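S.K.: Okay, predicted coordinates and the sequence, questions at the end:
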Amino acid sequence: MKLILHIGTAKTGSTSIQKGLFKLRKSLGEQHCLYPGKGNSHHAVAALVRPFHKLRRYTQSKHRNNPEKVFQRAAALRDEIRNSDADSVLLSSEFLCKLSSDEISGLVDALGLKPTDVYAICYVRQPSRFFLSAIQQKLKASVTIPNPFEQKYNFQGMLQPWGDVIGSDHVIVRAFDREQLQRGDVVSDLLQVLSENFSIDLSHYKPSRSEKNTSLSAEASILMQELRRELLDLEDNVYTDDSRRLARSIKFWSSRMQLTKMRFRDDIVSQIDRLHKPELQWLNDHYGITFQSQTNASSGEEMLARSLFATGNLRDLLADYNVPKLDRLRQRVVFSYQWRTRLATLWNGLLKPLG
């Protein structure tokens, strides 16, 4: 049996890949390829080799009152794979790219396989674009933003452990870049990889717009950070009902306005890509992947970029946004959030006597 793992990295269309593969589960099965479990993704499989506090942030938040449920799901996936008579098994979780060499070896062993049976498919993106997307994700449960001067986009450090355990020739790396993807679509690109490397033909697939994550606008992202500071008295980096309510309100009202696409200032883009120059060279040397980037960065621009990321205010990093629209969106979101919060408090008060 071959084990084919889509391992990430984060912010490279993983949700679209998982929804697409879930829809194709029957077609995969007809070609003796198992896409196990009941959901779109296989994040729980990491619990076979990691303790609860090292699992992804959302999993910890969702199951903090019942951690055992995660380990039960992991065990169910393990048993389904070990008991399968399929020729190949396909798993998808963008968090697998964060496993250490020991954890990768432990996962392979837990699934009853040998390293030579395992293949990893990984997408990487231009560092400046990665951080733009990572900021949007982080703000859903935090007021702090990722700082490339403190922690880089370490795709080299993520890929090397996989190469050490299963062999670099079993690690397939692709550029998450519309111009380099098959049909400009990450799901079509992955299916091309499956066809070329594993003779799994899913050429009938046509990408659906509903499978794509929509990015937050510049105005919505700024509000996500600033209103979390102003309205929510919460532990940072944790999902709660209040934070979800705020995010839903921002998304709802944003969808009814023509807002600005989120974009870093040019000097910020050039500084982020310059920081990753050694890693980008390694990527080109080992996998032939290149990205077009701005590298004409001055030392003065570096000092400014460092100070802006240290301050941590998103609006200072962005190229442009519409201030009047931002103010109008703020008014709508604050009113909606406060009204829904009062309604939820009233509803919970009515339910308490029944409990």
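M.R.: Perfect, thanks for sending it.
S.K.: so where do the strands sit in the protein?
M.R.: Counting by DSSP state E, one finds strands in the chain at the ranges 2-8, 33-34, 88-92, 118-124, 171-175.
S.K.: Distance check, Asn83 against Pro115.
M.R.: 21 Å (Cβ to Cβ, to the nearest Å). Yep, even glycine has a C-beta here, placed from its N, CA and C like the rest.
S.K.: burial measure for Val333, as a count.
M.R.: Val333 is flanked by 23 other residues according to other Cβ atoms under 10 Å.
S.K.: where does the stretch 101-250 of the chain dip in pLDDT?
M.R.: Confidence mapping of the stretch 101-250 of the chain against pLDDT under 70 gives the ranges 207-214, 234.
S.K.: buried residues in the longest helix along the chain?
M.R.: Longest among the helix segments of the chain by residue count, using DSSP state H, is helix 323-351. In terms of neighbour count (16 or more other Cβ atoms under 10 Å), helix 323-351 has its buried residues at Lys325, Leu326, Leu329, Arg330, Arg332, Val333, Val334, Ser336, Tyr337, Thr341.
S.K.: okay but the first one is in contact with Trp253, surely?
M.R.: No: in terms of Cβ atoms under 8 Å, Lys325 does not count as a neighbour of Trp253; the distance is 10.7 Å.
S.K.: related to what we said a few turns ago, ok, which of the strands of the chain comes nearest Ile272?
M.R.: For Ile272, the closest of the strands of the chain is strand 118-124, at 14.3 Å, according to Cβ to Cβ.
S.K.: how far away is the closest residue to His170 other than its chain neighbours from Gln182?
M.R.: Take His170 and drop its neighbours on the chain: the residue closest to it by Cβ to Cβ, 6 or more residues apart in numbering is Tyr119, 4.8 Å away. Plainly put, Tyr119 is 18 Å away from Gln182 if you go by Cβ to Cβ.
S.K.: which of the two has more neighbours?
M.R.: For Tyr119 versus Gln182, neighbours defined as other Cβ under 10 Å are more numerous around Tyr119 (22 against 15).
S.K.: higher neighbour count, Asn83 and Pro115?
M.R.: The neighbour count for Asn83 versus Pro115, taken as other Cβ under 10 Å, is higher for Pro115 (16 against 8).
S.K.: Run a quick neighbour tally on the residue nearest to that one when sequence neighbours are not counted.
M.R.: Across the structure, with Cβ to Cβ, 6+ apart as the measure, the residue nearest Pro115 apart from its sequence neighbours is Ile166 (4.7 Å). The tally of other residues near Ile166 (other Cβ under 10 Å) stands at 22.
S.K.: ok, Ile166 - contacts?
M.R.: When contacts are counted by Cβ atoms under 8 Å, 6 or more residues apart in numbering, Ile166 touches Ile104, Val108, Pro115, Thr116, Val118, Tyr119, Ala120.
S.K.: Can you tell me which of the residues you listed are buried?
M.R.: Neighbour-count burial (16+ other Cβ under 10 Å) is assigned, among these, to Ile104, Val108, Pro115, Val118, Tyr119, Ala120.
S.K.: Columns distance to Met158 on top of those residues, output as CSV?
M.R.: Shown next, in CSV, are these (distance: Cβ to Cβ, whole Å):
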residue, distance to Met158
Ile104, 11
Val108, 17
Pro115, 17
Val118, 16
Tyr119, 16
Ala120, 10
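S.K.: Tell me the one of those nearest His32?
M.R.: For His32, the nearest member of these is Tyr119. The distance, counting by Cβ to Cβ, is 15.8 Å.
S.K.: which ones are touching that closest one?
M.R.: Shown here is Tyr119, whose contacts under the criterion Cβ under 8 Å, 6+ apart are Lys2, Leu3, Ile4, Leu5, Ile166, His170, Val171, Ile172, Asn197, Phe198.
S.K.: For the first one, list each beta-bridge partner.
M.R.: In this structure, Lys2 bridges to Ser88 when assessed by DSSP bridges.
S.K.: That one contacts Asp117, correct?
M.R.: Yes: with contacts defined as Cβ under 8 Å, Lys2 counts as touching Asp117 at a distance of 5.7 Å.
S.K.: Any figure for the gap between the residue nearest to His170 and Ile166?
M.R.: Summarising the geometry, the distance separating Tyr119 from Ile166, computed by Cβ to Cβ, is 7 Å.
S.K.: Can you list the buried residues in stretch 33-51?
M.R.: Buried, per 16+ other Cβ under 10 Å, within stretch 33-51: 33-37, 40-50.
S.K.: Columns distance to Ile17 on top of the contacts of Tyr119, output as TSV?
M.R.: Formatted as TSV, the contacts of Tyr119 follow (distance: Cβ to Cβ, whole Å):
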residue	distance to Ile17
Lys2	18
Leu3	17
Ile4	12
Leu5	12
Ile166	20
His170	19
Val171	17
Ile172	14
Asn197	16
Phe198	15
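S.K.: Narrow the residues you listed to just the buried residues.
M.R.: A residue is treated as buried here by neighbour count (16+ other Cβ under 10 Å); on that basis the buried members of the contacts of Tyr119 are Lys2, Leu3, Ile4, Leu5, Ile166, His170, Val171, Ile172, Phe198.
S.K.: Out of those residues, which comes closest to Val186?
M.R.: Looking across the buried ones among the contacts of Tyr119 and measuring by Cβ to Cβ, the closest to Val186 is Ile172, at 13.6 Å.
S.K.: Can you get me a residue count around the nearest residue to the closest one once chain neighbours are set aside?
M.R.: Leaving aside its chain neighbours, Ile172 sits nearest to Ile121 (4.8 Å; criterion: Cβ to Cβ, 6+ apart). Each residue near Ile121 was counted by other Cβ under 10 Å, and the total is 23.
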